[in-house]
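Engineer: Below are the sequence and a predicted model; questions follow.
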Amino acid sequence: MANLIPVIKGARSVLIHTPGLVRYGSKPWREINAHPSRLDELKRSLQPEQQAESYLPNRVFLGKASLASLYETERPWYGRAAPISNDRLAMGEFVEEKKFIALLALADVFKHVSLLEGFWQDASPLLRDSPLCEPFARTTPALVTRERLKAEIEKGEGIPLFAGGDAEPIGWIRHAHHEDASLHAHVLLENLCAKVSAALAMRELLLGQRDVSEPNIDFVLSCSEEAVGDRYQRGGGNLAKAAAEFAGFGSASGMDIKNFCAAPIPALVTGAALVQSGVFENVVVVGGASLPKLGMKFLYHLDKGIPVLEDVLAAVAVWIGPDDGASPVINLASVGRHPVRSGAALDKQLKAIIVEPMNRLELKVSSVDRFVTELHNPEITIPANGGDIPERNYKMLAAVLVSSGKMERSEMPDFMKRKGVPGYAPTQGHIASALAYVPHALQALTKGELRNCFLFARASLFLGQLTQLSDGMSVLLERHP
């Protein structure tokens, strides 16, 4: 009988520089509509591509710099000169905006996106020369002349697309339905960004693995935040299958798992359960990017004279398959959940999703090498008066572990450095909720640098205005015995 213990066979990331799309993040979009002068302020504070690519948290996200460098490098991290290697990135690729905008048009099967002919002439060679992007560049998107683009913009039945801080638009996305707000151009753009970024992460997964190809993947689980649909079923989905189609995963089916920021952990657990049960042999969990979160804190950054750091879209893909005798194991016996009776208080959440499974498995704190929670980049959140989110969460976790008799109070001060992970992820919600660490975990567990790591994520269900409850889930990844 086959050994169906679920293992992580691959995990890769992509980071996409999108300064021209920052204006369409939820906060910038609202602020610019209310105060048009904000747009010029925003454009003046956008990072050039080389600066964004060399930014230390971005390099850590893609494995080009170590996690330890976040402790070793004095802040501010932005504005520091950092060498950029031409070698392939260790855990993923940095994608420039021109390629991404071209891919948005190629991914638009209903032809709502049109690009300037000149822009496509510049972008298409970049796609063809990229091993990551070349598989997408087999067709030509809808193209328009500059005169036609100007006429479309004057009609006002959509929104223009820009590259960087350029004043002249390079494309257009039109409304799919005038009476359905779920199909307005702005929402279609959100959906396309999630679809394309997820597909890029999936293709990156193939480039990072020699022994997997498209036909090997049976099922795709999307844990992206966007709820794709129309006015009759605004969150109907299925983003997973749309991304699988665009990525060329022709043998895969798929579905979406929604749980606000916590969705990646339930998705990993579900994917592992599908493999262990024998329902599917190979499952990909993918988190695509969130356009609304671009520039969330931009006003605070402008006020403090720092660059708009929320200028990248992020995506992560994880391949789960049956035991191969070497890859890290997803221990389904370790899963921690947050029952209704636990309430919304943070200490009760942590007791439910961390302390309870530790008690069940008879684990001591010394038995766990890493606890991994939300990894938001503190250089983005601190100027916005949000504090260092990972640091705050680790302080609370340490307090809960002490109160639960799991460790001594004297161990609290250095708990984060000993057992945690510093923040480096873009403020993309679900991506920062431990999913960003999985490529790092795969490498560390495979090389023997770690024995295990406890991934956990929490969700604010009150965002939907249906309940005051929170949610959360955890799971232990282990080095192969």
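Structural biologist: Arrived safely, thanks for sending.

Engineer: Now residue 109. Its backbone dihedrals?
Structural biologist: phi -70, psi -20 (degrees, to the nearest 10).

Engineer: gap between it and residue 277?
Structural biologist: Using Cβ to Cβ, to the nearest Å, residue 109 is found at 33 Å from residue 277. (Each C-beta comes from the backbone N, C-alpha and C, glycine too.)

Engineer: Which secondary structure state is assigned to residue 221?
Structural biologist: Using DSSP: H, G, I helix; E, B strand; the rest coil, the structure places residue 221 in strand.

Engineer: can you pull the contacts of it?
Structural biologist: Taking Cβ atoms under 8 Å, 6 or more residues apart in numbering as the contact definition, residue 221 lies against 240, 254-257, 267, 270-271, 283-286.

Engineer: Who does it form a beta bridge with?
Structural biologist: Judged by DSSP bridges, the bridge partners of residue 221 are residue 255, residue 285.

Engineer: where's it relative to residue 442, distance?
Structural biologist: According to Cβ to Cβ, residue 221 and residue 442 sit 17 Å apart.

Engineer: cool, residue 168 as well?
Structural biologist: Look at residue 168 and residue 442: by Cβ to Cβ, they are 43 Å apart.

Engineer: Looking at those two, which has the bigger crowd around it?
Structural biologist: Ranked by neighbour count (other Cβ atoms under 10 Å), residue 168 and residue 442 place residue 442 first, with 23 against 12.

Engineer: before we move on, back to that, redo the contacts of residue 221 as TSV? Include pLDDT.
Structural biologist: TSV is the format used below for the contacts of residue 221 (pLDDT from 0 to 100):
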residue	pLDDT
240	98
254	97
255	97
256	97
257	97
267	98
270	98
271	98
283	97
284	97
285	98
286	98
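
Engineer: Would you list the buried entries among the residues you listed?
Structural biologist: Buried residues within these, counting neighbours by 16 or more other Cβ atoms under 10 Å: 240, 254, 256-257, 267, 270-271, 283-286.

Engineer: can I get these in TSV with distance to residue 214?
Structural biologist: Formatted as TSV, these follow (distance: Cβ to Cβ, whole Å):
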residue	distance to residue 214
240	15
254	13
256	20
257	22
267	20
270	22
271	17
283	14
284	11
285	16
286	14
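
Engineer: just curious, which of these is nearest to residue 228?
Structural biologist: Closest approach between the buried ones among the contacts of residue 221 and residue 228, by Cβ to Cβ: residue 256, at 7.8 Å.

Engineer: Residue 244 is in contact with that closest one, correct?
Structural biologist: No - assessed by Cβ atoms under 8 Å, residue 256 is found out of contact with residue 244, at 11.6 Å.

Engineer: middle-most residue in the protein, spatially?
Structural biologist: In the chain, the C-alpha nearest the mean C-alpha coordinate belongs to residue 431, at 3.2 Å (Cα atoms, centre = their mean).

Engineer: Chain neighbours aside, what residue packs nearest to it?
Structural biologist: Excluding the flanking residues, the one nearest residue 431 by Cβ to Cβ, 6 or more residues apart in numbering is residue 314, at 4.6 Å.

Engineer: From the contact counts, what lies against whichever helix or strand that neighbour is part of?
Structural biologist: Element membership for residue 314, per DSSP states H and E: strand 312-322. Using 3 or more Cβ pairs under 8 Å, 6 or more residues apart in numbering; DSSP states H and E, the elements in contact with strand 312-322 are strand 6-17, helix 185-207, helix 264-276, strand 283-287, helix 438-447.

Engineer: quick one: buried residues of the last one?
Structural biologist: When you say that, I think you mean helix 438-447. Buried residues in helix 438-447 (16+ other Cβ under 10 Å): 438-445.

Engineer: Please identify which of the residues you listed is nearest to residue 71.
Structural biologist: The closest of the buried residues of helix 438-447 to residue 71 turns out to be residue 440 (Cβ to Cβ; 14.6 Å).

Engineer: Contact partners for the closest one?
Structural biologist: By Cβ under 8 Å, 6+ apart, the contact set of residue 440 is 63, 67, 91, 421.

Engineer: Export those residues to a markdown table and append columns for secondary structure.
Structural biologist: Below are those laid out as a markdown table (three-state DSSP):
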| residue | secondary structure |
| --- | --- |
| 63 | coil |
| 67 | coil |
| 91 | coil |
| 421 | coil |
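
Engineer: And the furthest pair within the residues you listed?
Structural biologist: Spatially, the most separated pair among the contacts of residue 440 is 91 and 421, at 14.4 Å (Cβ to Cβ).

Engineer: which one of those two has more residues nearby?
Structural biologist: residue 421 (25 against 22).

Engineer: Okay, and the beta partners of the nearest residue to that one once chain neighbours are set aside?
Structural biologist: The shortest distance from residue 421 to any non-neighbouring residue, by Cβ to Cβ, 6+ apart, is to residue 372 (5.4 Å). Taking DSSP bridges as the rule, residue 372 bridges to residue 455.

Engineer: Surely residue 372 touches residue 453?
Structural biologist: Yes - between residue 372 and residue 453 there is a contact under Cβ under 8 Å: 5.6 Å.

Engineer: any chance you could map the helices in the stretch 101-250 of the chain?
Structural biologist: Here the stretch 101-250 of the chain has its helices, by DSSP state H, counting those that start in this stretch, at 117-128, 146-155, 185-207, 239-247.

Engineer: out of the ones you listed, which comes closest to residue 409?
Structural biologist: Closest approach to residue 409 among the helices of the stretch 101-250 of the chain is made by helix 185-207 (41.5 Å; Cβ to Cβ).

Engineer: Enumerate every residue touching residue 42.
Structural biologist: Residue 42 makes contact with 22-23, 28, 32, 295, 298, 302, 308, according to Cβ under 8 Å, 6+ apart.

Engineer: I'd say residue 242 and residue 196 touch.
Structural biologist: No - taking contacts as Cβ under 8 Å, residue 242 lies outside contact range of residue 196: 9.9 Å.

Engineer: Assess the claim that residue 65 and residue 54 are in contact.
Structural biologist: No - at 9.6 Å, residue 65 and residue 54 do not qualify as touching, with contact defined as Cβ under 8 Å.

Engineer: Tell me how many other residues surround residue 338.
Structural biologist: Residues lying near residue 338 (other Cβ under 10 Å) number 26.

Engineer: per-residue confidence for the closest residue to it other than its chain neighbours?
Structural biologist: Nearest residue to residue 338, sequence neighbours excluded (Cβ to Cβ, 6+ apart): residue 472, at 4.2 Å. pLDDT, residue 472: 95.

Engineer: residue contacts, residue 472?
Structural biologist: Going by Cβ under 8 Å, 6+ apart, residue 472 touches 262, 265, 336-338, 349, 352-353, 456-459.

Engineer: Please put the alpha-carbon coordinates of whichever strand or helix holds it into PDB.
Structural biologist: Element membership for residue 472, per DSSP H and E: strand 470-478. Below are the C-alpha coordinates for strand 470-478, written out as PDB (Å, rounded to 0.1, in the frame of the first residue of the first chain):
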ATOM      1  CA  SER A 470     -12.300  35.600  15.300                       C
ATOM      2  CA  ASP A 471     -10.900  32.400  13.800                       C
ATOM      3  CA  GLY A 472      -7.600  30.600  13.500                       C
ATOM      4  CA  MET A 473      -5.800  27.400  12.700                       C
ATOM      5  CA  SER A 474      -2.300  25.900  13.200                       C
ATOM      6  CA  VAL A 475      -0.300  23.000  11.900                       C
ATOM      7  CA  LEU A 476       3.200  21.600  12.500                       C
ATOM      8  CA  LEU A 477       5.700  21.000   9.700                       C
ATOM      9  CA  GLU A 478       8.400  18.500  10.500                       C
END
